[in-house]
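Enquirer: 3D model of this:
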Amino acid sequence: MTILEHPEAQALLNDAVLTVEQVEEIGKQIEPFLQRSLPLFRRSEQRTNARNILEGKLSSLSRKTAEPIAHHVGVRREVLQDFLGVSPWLDSVILAEIRTHISEVWNDPNGVLFGDGSGFIKKGNHSCGVKRQYCNRLGKVENCQIGIFLGYGCRYGHTLIDHRLFLPKEWANDQERREATGIPEDVVYKETWEIFLDEVDECKDIPHSWVTADAEFGRVYQCRKGLRNRQERYVVDVRNDMLIRDLGATPPARKGNRGPHPKPPWQSIQVWTESQPQSAWTRLEIRGGEKGPLLVEAVQTQVQTKDDHRVGEEERLVVIRTVNNPDAKTWYTLSNAGEAVPLRDVVWAHAQRHWVEASIEDGKSEVGMAHYEVRGWRGWHHHMTLTLLALWFLKLERFREQATTPALTVSVLREVFSRVLILRRVTLTAIVRELNEVLRRSEEARIYHWLENTGHYPPPRRRVATVADQPLVTVADIEDSSSPPGLARVA
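Expert: A predicted model of the protein is given here:
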């Protein structure tokens, strides 16, 4: 018996199968989805153009800018270029609809908001906000624009829910360039962490219990203070050279009987981490990955931070490191979660930050997030809004199909809609056959990786029931639960 003939392998491979009937039904979902969003465009030509852009983003076009999309749907390119670049429809209305839809369908009070920035390489110096600045995608300074994104994740899925273009000081203070790119008068210079807090304010009504962010935001004292003032529970990355005082450490002996009692000394997080014995670390399993279970170790203490000679409030330092991973990584995080919140909960919430990176990657690889030629402020935000709308559609349909085909990916789903749109040229049976080949190859790879790394077959993929089939989860249920979904302590 071969590896793939084993009954466990066969059961896993059966979860990576689409049927003709299933694909046919999936193809019908685009119209009900559009009926929610298209009426928000006030003019009929705007609704037509929005439909054409979304069809182009769901297509297999290698480049999803206005011109190739116009050729794909059979309209003049100037029509779509004007719709994206100058048409006066409101991004805020469409983004609010995305968030309302998410709240209705997923409605998970244990959700997580996560913030991240992403760079978009540009040539020249005429695109709004472009300059030589650090591009996190490349890990170096490059001529680029920076977008600040807010994502949302919960037990049902993850997607992006807000965006904002970062405007450097040089642009904010240059009236000529402001007028050339249509920057609104009320848009002023803000640090990236201030934009992040604005997005949290905008999205505060979506059900969630945590906020996470990378070190670009988390290292800033005012950002963490802003989250505390908003009564948001957070776990954010910080730099390992940040100075801390371990409030749980034994202070130095007092010299004499006068003067205040000495406090533990200031030290960097890196130095503190290196001083921790192996016995202080707790091993946890985050979730099952594609190549095996994702294991981490974590250690924690209560600290104060020192930033520009300012001593911060008491916070919780949690250091997390990967286990048995060739790409070893360590995260240094601060949280305002009380001591009563289990360590596993904090580690679980931090792990959800992975999904904002995954959502941005899905946006770039599947629906053309980085494919734009607009130069103005309005055009950039129009493009990103329609990108987030297309991405939410794919995430929604993946959630709905997981109960039947747990292995279904956003990439395959996007291919489903691309193929369905050209059904007049190929048969549905041929589409399903090709898609099942993709699903099977992905599942075969997972089986081989697990056997190589663990000696046994991977667990079946979780079949996510629809929200209607799930009992209502209350905040009290979350507080009383022994562990968040998908996180188990490893002995």
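Enquirer: number of residues surrounding residue 441?
Expert: 10 (other Cβ atoms under 10 Å). Quick note: C-beta positions are derived from backbone N, CA and C, even for glycine.
Enquirer: that one: which element?
Expert: Using DSSP states H and E, residue 441 falls within helix 428-454.
Enquirer: quick check: mean pLDDT of that helix?
Expert: Averaging pLDDT along helix 428-454 yields 86.
Enquirer: ok, now stretch 249-262?
Expert: Stretch 249-262 comes out at a mean pLDDT of 71.
Enquirer: secondary structure element holding residue 162?
Expert: strand 157-165.
Enquirer: now for that strand, which elements pack on it?
Expert: For strand 157-165, the elements it packs on are helix 91-105, strand 140-154, helix 192-202, helix 354-366, helix 377-401, judged by 3 or more Cβ pairs under 8 Å, 6 or more residues apart in numbering; DSSP states H and E.
Enquirer: please redo it, this time with the cut-off set to 10 Å
Expert: helix 91-105, strand 112-121, strand 140-154, helix 192-202, helix 354-366, helix 377-401 (3 or more Cβ pairs under 10 Å, 6 or more residues apart in numbering; DSSP states H and E).
Enquirer: that strand: which residues count as buried?
Expert: Going by neighbour count (16 or more other Cβ atoms under 10 Å), the buried part of strand 157-165 is 157, 158, 159, 160, 161, 162, 163, 164, 165.
Enquirer: surely the last one is in contact with residue 129?
Expert: Yes: counting by Cβ atoms under 10 Å, residue 165 does reach residue 129; the two are 5.2 Å apart.
Enquirer: need the overlap of contacts for the two.
Expert: 120, 145, 146, 147, 171, 183, 377, 380 (Cβ atoms under 10 Å, 6 or more residues apart in numbering).
Enquirer: for the most centrally placed residue in the chain, which residues are in contact?
Expert: Among the residues of the chain, the one closest to the centroid is residue 356, at 1.4 Å (Cα atoms, centre = their mean). Residue 356 makes contacts with 112-116, 118, 149-153, 158-160, 212-214, as judged by Cβ under 10 Å, 6+ apart.
Enquirer: cutoff 8 Å now
Expert: 114, 115, 116, 149, 151, 153, 158, 160 (Cβ atoms under 8 Å, 6 or more residues apart in numbering).
Enquirer: what does residue 66 give?
Expert: 53, 77, 80, 81, 84, 373.
Enquirer: where does the fifth one fall, secondary structure wise?
Expert: In other words, residue 84. helix 77-85.
Enquirer: packing partners of that helix?
Expert: helix 44-57, helix 66-73, helix 377-401.
Enquirer: mind checking which helix or strand of this structure has the lowest mean pLDDT?
Expert: Every helix and strand of the chain was ranked by mean pLDDT, DSSP states H and E. The lowest is helix 475-480, at a mean of 48.
Enquirer: is residue 85 in contact with residue 378, as I believe?
Expert: Yes: using Cβ atoms under 8 Å, residue 85 is in contact with residue 378, at 6.9 Å.
Enquirer: how close does residue 168 get to residue 385?
Expert: Look at residue 168 and residue 385: by Cβ to Cβ, to the nearest Å, they are 22 Å apart.
Enquirer: in terms of neighbours, single out the busier of the two.
Expert: Neighbours were counted for residue 168 and for residue 385 using other Cβ under 10 Å; residue 385 has more, 22 against 16.
Enquirer: give me the pLDDT value at that one.
Expert: pLDDT, residue 385: 98.
Enquirer: then residue 28?
Expert: Residue-level pLDDT assigned to residue 28 equals 88.
Enquirer: how many neighbours does it have?
Expert: Around residue 28 there are 9 residues (other Cβ under 10 Å).
Enquirer: same check, this time on the one 3 residues further on
Expert: Neighbours of residue 31 under the rule other Cβ under 10 Å: 10.
Enquirer: name the helices or strands packed onto the strand or helix carrying it?
Expert: Counting by DSSP H and E, the element that carries residue 31 is helix 30-37. Under the contact definition 3+ Cβ pairs under 8 Å, 6+ apart, helix 30-37 sits against helix 44-57, helix 91-105, helix 377-401.
Enquirer: residue 11: which of these is closest?
Expert: Of all those, it is helix 377-401 that lies closest to residue 11, at 18.2 Å by Cβ to Cβ.
Enquirer: what angle sits between the closest one and helix 77-85?
Expert: Orientation check (axes from the mean of the first three to the mean of the last three Cα atoms, to 10 degrees): helix 377-401 against helix 77-85 gives 90 degrees.
Enquirer: roughly how far out does helix 377-401 sit from the chain middle?
Expert: The chain centre lies 13 Å from the centre of helix 377-401; the measure is Cα atoms, centre = their mean, to the nearest Å.
Enquirer: can you check what angle separates that helix from strand 157-165?
Expert: 180 degrees.
Enquirer: tell me how many other residues crowd the closest residue in space to residue 201 that isn't next to it in sequence.
Expert: Nearest residue to residue 201, sequence neighbours excluded (Cβ to Cβ, 6 or more residues apart in numbering): residue 230, at 7.3 Å. Using other Cβ under 10 Å, residue 230 is surrounded by 13 other residues.
Enquirer: check contacts around residue 230.
Expert: By Cβ under 8 Å, 6+ apart, the contact set of residue 230 is 197, 200, 201, 204.
Enquirer: again with residue 76
Expert: For residue 76, the contacting residues are residue 70, by Cβ under 8 Å, 6+ apart.
Enquirer: please apply the same query to residue 401.
Expert: Contacts for residue 401 (Cβ under 8 Å, 6+ apart) come out as 22, 26, 408, 413.
Enquirer: for the last one, grab the count of nearby residues.
Expert: Read that as residue 413. Neighbours of residue 413 (other Cβ under 10 Å): 23.
Enquirer: do the second one as well
Expert: By other Cβ under 10 Å, the residues close to residue 26 number 20.
Enquirer: show me which of the contacts of residue 66 are buried.
Expert: Among the contacts of residue 66, those buried by neighbour count (16+ other Cβ under 10 Å) are 53, 80, 81, 84.
Enquirer: how about those in JSON lines, adding pLDDT and distance to residue 236?
Expert: Output for the buried ones among the contacts of residue 66, formatted as JSON lines (pLDDT from 0 to 100; distance: Cβ to Cβ, whole Å):
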{"residue": "53", "pLDDT": "97", "distance to residue 236": "35"}
{"residue": "80", "pLDDT": "97", "distance to residue 236": "39"}
{"residue": "81", "pLDDT": "96", "distance to residue 236": "39"}
{"residue": "84", "pLDDT": "97", "distance to residue 236": "34"}
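Enquirer: against which helices or strands is the helix holding residue 441 packed?
Expert: Judged by 3+ Cβ pairs under 8 Å, 6+ apart, helix 428-454 is in contact with helix 7-14, helix 20-27, helix 410-420.
Enquirer: orientation of the last one relative to helix 354-366 in degrees?
Expert: Helix 410-420 and helix 354-366 meet at an angle of 30 degrees, taking the same axes, to 10 degrees as the criterion.
Enquirer: what average pLDDT does helix 410-420 get?
Expert: For helix 410-420, the per-residue pLDDT averages 91.
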